[in-house]
Every structure is written in structure tokens, then in C-alpha cells.
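Predicted model and sequence below, questions to follow.
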Amino acid sequence: MSPDRAQRLRLRDHLAISSFWLAYNFQWGALLAIVLPSQIAAIVGDARKELYNGLVPSIGAALSLVATPIAGAFSDRSLSRVGRRRPFMAVGTGINVLFLLLLARFGAGGDVWLFVLCYLGVQLGSNWAGGPYAGLIPDVVPQAERGAASGWLALMTAGGTLLGVIAAGRLIRGESYLPMYGTVAAVLVLFLAVTLVGVRERPLGMRPEPFRVGAFAASFLLRGPRYRNFFFVLLTRALVMMGIYSVFTFFQFFLKDVVRAVNPALGTSYLIATIIATGIPTSLAAGALSDRHGRKPMIYASGGLMALASLLFIGVGLHPSLAAMFWIGAIFGIGYGAYQAVDWALAIDVLPKGEAAAKDMGIWHVSLVLPQMIAPALTGIILSAFKQHSLLLGYTVVFSLTAVWFVLGTVFVRQVRGVR
């Protein structure tokens, strides 16, 4: 597939472009929601699990915050004959797979800080691939089809996360983590190959300006009117992601300690699967509908549904019911699917034109990663502070704060100009 094609993309083109995104989300769906909470609890014990489950993902996200835009900026300047993005994706995935297999060795009594070090290796590899991949989309997708492409990416986000959480719920048995980590590694390699083979990039035609650390750091300030809309999209995305990552990695503990589920890991996999499955039809429709009727109405509706679901989860804490968790999760999923579908398209719509697409989309990716650094740590601190007195009150505070994040993320979309 040539990046400068004028005709419409075929089905196989969309599949090739988005396949790597399925594997990327398979990995993070499995790790963040199921594997890491289970493994961290085994390593540090029940007394400290909330605190460390907040700290470990946050430490990893801090590395991601730096690695993703740097990899994107390097790929913007790449003179590789096979394209700017794909070599970085291949190298990054290789690093990712190596450290996944090292993480599989940790269990009860393991060194938590050595575990963190290996987790940082996974983050480095994943984001060394993910930053350039973000620039691949505006490189090869025509303007008129970016809403549809965003819908495909949302579908792969949903599908990858769905498959990842189900596989993790099924493959984790006691403290045996190698089957799950091996599965994640295999999926990454397979679907990376689909994208590498199916997408054809055009090499950079002219020698780019050299990479300068000072100028690169200054570019993150997003100064000038051309970046105004992009800034507000970053802000709204960050606020919504604060809501999602405030609870995403803690559902397993909520099911175990408050709902009293018999198998919290498996129950969490089904809950996340419910959220994703109900979001898939929405994501398929919302991307295409936003091309016709505008991005903002979809954002408003999706943010409202996610805020409502967050408040309903408080009721489950007062009247524990696993069945209620699932139907509330379905409400959340409808909003989540619509948001994911329109989010990428909105960012690309306001992306300043130029040759720094991967760097700018890497900065956009920061609005996903920064909340991953702040929100889990904040939740972990809140739950640890309330644990000795009332864990239920702690979760009430967390879910209330989650609803506030969703409302703020919805309100600030009004500040984005020139987009319906």
C-alpha cells in the first residue's frame, strides 16, 4: 500500500495498518488489568498491594512519557530505504518481547524492584515501537478516510484488549505467569509482521534537519495559534484517560475485597470483556458517523455515559453484586467505545501540518501516558490511606473522582475550534 494513494483504502489496507494496534492493546489489556495486579500482589502481599499496584504502572508510564515522543521524532528524521516508521517498530518490539519473557520469572518472594526494572524494559520497547506507529497513520491514510481509520483503530483497541483480558483470566493459574507472557510475545510478533508486510512507506525524500535536544524539548510547549486546538484535544484526552486509569488497574482488587468475587482475576477478565464487547459496535459506528455529523456530539455523549457508570459503581460497593458490575460495565463500554472511535480522528483533524507528524502524535500519545503515571498512583495512595478505616469509603472517593474527570474531559471539548 502506497502512502500517497488517492483512491479509497481497501479492507486489507485498513487491516494491515491497524493489525499492530491489536497486538499492542492485547499486551496492555492483559498486563494492566489482570497480570500485573495479580503478580504484584503475589510479590508484595495483600497489605501493600494497592500502593504498589499504583506505583509500578506509574513508574513505567514515566519512562513511556519520554520514550514515545523521542522515538517518534527520530523516526521523523529516518532515511531508511524501507520507510521511516517500520524499522523502529521492529526494533522496539524485539526489546519488548525480551523483557516480557524476563517478567514471567517473578512470583511470591521476588524482588519487587528488579521486577520494576524488567517492566521498564517492556515499556521502553513498546513505546519505541508505538511512537513511530502513531506517525504511520497520518503518513498513509487520506484525509477523507481518517474517521474510518480511527474506527478501525478503535476496533483493534477493543478487540486487542478484549482478547488480552480473556486470555489472561484463563491462562493465569496460581503463580504461573509464563504461559500468559509467552502468549503476549507471540501475538506481538505475529501482528507486527502483518503490518510490516502489508504497509508500504515512501522513504523520506530530503535530508531532515538534525535532531537537537533543546529545540525538541521546546517543541513540547506547543506555542503559537497553530497548536491551540491540538492543546485542547490533548487536555480533554488526558482528563478522560485520568478517569479510565483511576480504576482500570484496580477492578481486580475491588472485586476481591468489596464484591467478594470467588475468582477475582477471572471475574475482572469478564468485566473488562463486557466493557469492550459492548463498545465494539459503538466504535464501528461512531468513527464513520463522526465523519458525517461531527466529532463533538460523540464526545459529549460518551463522556456522559462513562461518568454515569462511574457513579453507579459506588452503588455496587454498597450492595455487592457481580451481576450489577457487568451491566454497569456494559453502560461504561458503550461510552468508552464511542470515545475511542472519535478520539484519534479528532487529534488528526487538528494536527498541525508538517513533516513532524510522528513527533506531534507522540506528544498526543503523552496525553494517554501521563494519566497512566498520575491516576494509578493517586488511586493507590487514596486506597492505602482509607484501607485501615474503610476500604469502601476509599473506593467511593475513587469512583466519584473518576466521574469528575470524565465530566471535565467532556466540557473542555467545547474549546476546540474549527471542528464540529
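Now that the structure is in, tell me what you want to look at.

Spit out the contact partners of the residue nearest the centre of the chain.
Closest to where the C-alpha atoms of the chain average out (CA atoms, centre = their mean) is Leu368, at 6.4 Å. Counting by CB atoms under 8 Å, 6 or more residues apart in numbering, Leu368 touches 237-238, 241. (Each C-beta comes from the backbone N, C-alpha and C, glycine too.)

any idea how far the strand or helix carrying it is from the chain center?
Using DSSP states H and E, Leu368 maps to helix 357-387. Distance, stretch centre to chain centre, for helix 357-387: 10 Å (CA atoms, centre = their mean, to the nearest Å).

Name the next helix or strand downstream of that helix, please.
According to DSSP H and E, the helix or strand after helix 357-387 is helix 391-411.

quick one: average confidence on that following helix?
On average, the pLDDT along helix 391-411 is 92.

cool, stretch 110-128 as well?
94.

For it, C-alpha coordinates in CSV please.
What follows is stretch 110-128, C-alpha atoms only, in CSV (Å, rounded to 0.1, in the frame of the first residue of the first chain):
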residue,chain,number,x,y,z
GLY,A,110,10.5,-12.0,44.2
ASP,A,111,12.5,-8.7,44.3
VAL,A,112,9.9,-6.0,43.5
TRP,A,113,12.5,-3.5,42.3
LEU,A,114,14.1,-6.0,39.9
PHE,A,115,10.5,-6.7,38.7
VAL,A,116,10.1,-2.9,38.1
LEU,A,117,13.4,-2.8,36.2
CYS,A,118,12.2,-5.5,33.8
TYR,A,119,8.8,-3.8,33.5
LEU,A,120,10.7,-0.6,32.4
GLY,A,121,12.3,-2.7,29.7
VAL,A,122,8.8,-3.7,28.4
GLN,A,123,7.7,-0.1,28.5
LEU,A,124,10.9,1.1,26.6
GLY,A,125,10.4,-1.5,23.8
SER,A,126,6.7,-1.0,23.5
ASN,A,127,6.9,2.8,23.2
TRP,A,128,9.9,2.7,20.9
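
shouldn't Leu196 be in contact with Phe88?
No - the pair Leu196 / Phe88 is not scored as a contact, 11.3 Å apart, by CB atoms under 8 Å.

ok, these two, which is more surrounded?
Legend: neighbour count by other CB atoms under 10 Å for Leu196 and Phe88, higher for Phe88 (25 against 19).

in which helix or strand would I find the closest residue to that one other than its chain neighbours?
The shortest distance from Phe88 to any non-neighbouring residue, by CB to CB, 6 or more residues apart in numbering, is to Pro132 (4.0 Å). Following DSSP H and E, one finds Pro132 within helix 112-140.

List the buried residues in that helix.
Neighbour-count burial for helix 112-140 flags 115, 118-140 (criterion: 16 or more other CB atoms under 10 Å).

Please tell me how far Trp152 sits from Phe20.
Distance, Trp152 to Phe20, by CB to CB, to the nearest Å: 12 Å.

Can you get me a residue count around the nearest residue to Trp405 once chain neighbours are set aside?
Nearest non-adjacent residue to Trp405, counting by CB to CB, 6+ apart: Gly243, 3.6 Å away. Using other CB under 10 Å, Gly243 has 25 neighbouring residues.

Hmm, Ala90 and the residue nearest to Phe88 touching each other?
No - using CB under 8 Å, Pro132 is not in contact with Ala90, being 10.0 Å away.

Now do the helices in the stretch 251-400 of the chain.
Here the stretch 251-400 of the chain has its helices, by DSSP state H, counting those that start in this stretch, at 251-254, 264-293, 296-318, 322-349, 357-387, 391-411.
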